[in-house]
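>>> sharing a model prediction with you, sequence too.
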Amino acid sequence: MKHEEFENLSFEEALQKLENIVKDLEGGRIKLDDAVEAYEKAVALKKICEEKLQKAQLKIEKIEISPEGEILTQPLDKSEEQ
């Protein structure tokens, strides 16, 4: 379930909203009906954060300097990650 109100949030904004919902749920400051709605919003925010992270990960490149001193970029090879 995706809430349209979250569509244009930055990763940081979505993460902050998600953290606030989690704090409210953990603190017991929400009535049961509101908790269900908050949980649904949290799921939507989590999905948005995951999508934004995935898009950012696809943009990551490895920067290399050739023997001639030229700066080159290559897609980050996941097999080199540790």
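Looks like it arrived, so ask away.
>>> quick one: residues contacting Glu64.
By C-beta atoms under 8 Å, 6 or more residues apart in numbering, Glu64 lies in contact with 71-74. Bear in mind the C-beta positions are built from the backbone N, C-alpha and C, glycine included.
>>> again, only using 10 Å
Contacts here follow C-beta atoms under 10 Å, 6 or more residues apart in numbering; on that basis Glu64 touches 70-74.
>>> over to Phe11?
With C-beta under 10 Å, 6+ apart, Phe11 has these contacts: 48-53, 55-56.
>>> phi first, then psi, for Thr73.
phi -120, psi 140 (degrees, to the nearest 10).
>>> next up, the contacts around the residue at minimal distance from the centre of the chain.
Of all residues in the chain, the one closest to the mean position by C-alpha atoms, centre = their mean is Cys49, 2.5 Å from it. Cys49 is in contact with 6, 9, 11-15, 17-18, counting by C-beta under 10 Å, 6+ apart.
>>> and it, how far from Lys55?
11 Å (C-beta to C-beta, to the nearest Å).
>>> just to revisit the earlier point, and which of the contacts of Glu64 is nearest to Ile63?
Of all the contacts of Glu64, Ile63 sits closest to Thr73, with 5.6 Å by C-beta to C-beta.
>>> for that closest one, give me the pLDDT.
Note on Thr73: pLDDT of 77.
>>> just Lys78 next, same as before
On the pLDDT scale, Lys78 is placed at 56.
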